[in-house]
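Enquirer: Attaching a predicted model along with its sequence, questions to come.
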Amino acid sequence: MVDFINGFTDPAYACGADCDAAVAATATLLAAARIAKTPVIFSTIVFDPARASSSVWLAKMPAMKCLTPGSKAVQVDRRLTLRDTDILLTKTATSCFTGTDLSTVLVQTGVDTLVIAGATTSGCVRASAVDGCMSGLRVFVPRDCVADRASGPHEASLFDIQAKYGEVIDLDSAIAIAAAGGQ
């Protein structure tokens, strides 16, 4: 669950967009994963004030300045309900692999397959799909469970993921993978 946080799913934030359909589809996927006891990992982006001024990415995307420690913007969208049994990664880069212990978590839990949902398709979803593939993992991106601020980058990223890094699938296929524990 890549960055389905309020700052991205609530259009009231400068970096937010209407992600309602993708969040609803992801809630369905999440329910199936939890029934199957498939590991669920969320990510959020947090820029602490001491390092925010040196972030090249934040300089390019100043709308993300709202993603500060403890703010509502960095909290997982309540429609997806972060549970105590879920893992929450905090990152300051696009990919969920960069600067986090995601690779260690995946090895410890025996995961070899990723079903990636989240926002934004052209940023953090795509970067995580690329790094997942480069780490030797099977990557699936359910089209219904990802969102972006604009349709052009969204579609181009899905095309690119399908062509090079993983499989772009429908929600029913994603549910089947999650229900099978990634098998």
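Expert: That came through fine. As the structure is a computational prediction, the values presented were derived from the model and not from experiment.
Enquirer: so residue 19 touches residue 3, yeah?
Expert: No: Residue 19 is beyond contact range of residue 3, at 10.1 Å (criterion: CB atoms under 8 Å). Backbone N, C-alpha and C define where each C-beta goes, glycine included.
Enquirer: quick one, which of these two is more surrounded?
Expert: residue 3 (28 against 24; other CB atoms under 10 Å).
Enquirer: quick one on the thing from earlier: now the common contact residues for residue 19 and residue 3.
Expert: Shared contacts of residue 19 and residue 3, defined by CB atoms under 8 Å, 6 or more residues apart in numbering, comprise residue 119.
Enquirer: Could I get the buried residue list for the helix or strand of the chain with the lowest mean pLDDT?
Expert: Lowest by mean pLDDT, DSSP states H and E among the helices and strands of the chain is helix 49-52, with a mean of 87. By neighbour count with 16 or more other CB atoms under 10 Å, helix 49-52 contains the buried residues residue 52.
Enquirer: Likewise for stretch 104-121?
Expert: Neighbour count says stretch 104-121 has 106, 111, 113-121 buried, by 16+ other CB under 10 Å.
Enquirer: Which two among these are spaced furthest apart?
Expert: Among these, the pair separated by the greatest distance (CB to CB) is 111 and 120, at 23.2 Å.
Enquirer: check contacts around residue 49.
Expert: By CB under 8 Å, 6+ apart, the neighbours of residue 49 are residue 68.
Enquirer: Tell me how far it lies from residue 71.
Expert: Residue 49 sits at a distance of 11 Å from residue 71 (criterion: CB to CB, to the nearest Å).
Enquirer: before we move on, what about residue 161?
Expert: For residue 161 relative to residue 71 (CB to CB), the value is 30 Å.
Enquirer: ok, these two, which is more surrounded?
Expert: Between residue 161 and residue 71, counted using other CB under 10 Å, residue 161 has the larger neighbour count: 24 against 14.
Enquirer: and residue 164, how many neighbours?
Expert: For residue 164, using other CB under 10 Å, the count is 10.
Enquirer: who's in contact with it?
Expert: 130, 133.
Enquirer: Repeat the analysis, applying 10 Å as the threshold.
Expert: 129-130, 133 (CB atoms under 10 Å, 6 or more residues apart in numbering).
Enquirer: List the buried residues in the longest helix belonging to the chain.
Expert: Counting by DSSP state H, the longest helix found in the chain is helix 20-35. Neighbour-count burial for helix 20-35, counted by 16+ other CB under 10 Å, picks out 22-23, 25-30, 32-33.
Enquirer: same question, stretch 9-19
Expert: 9-10, 13, 15-17, 19.
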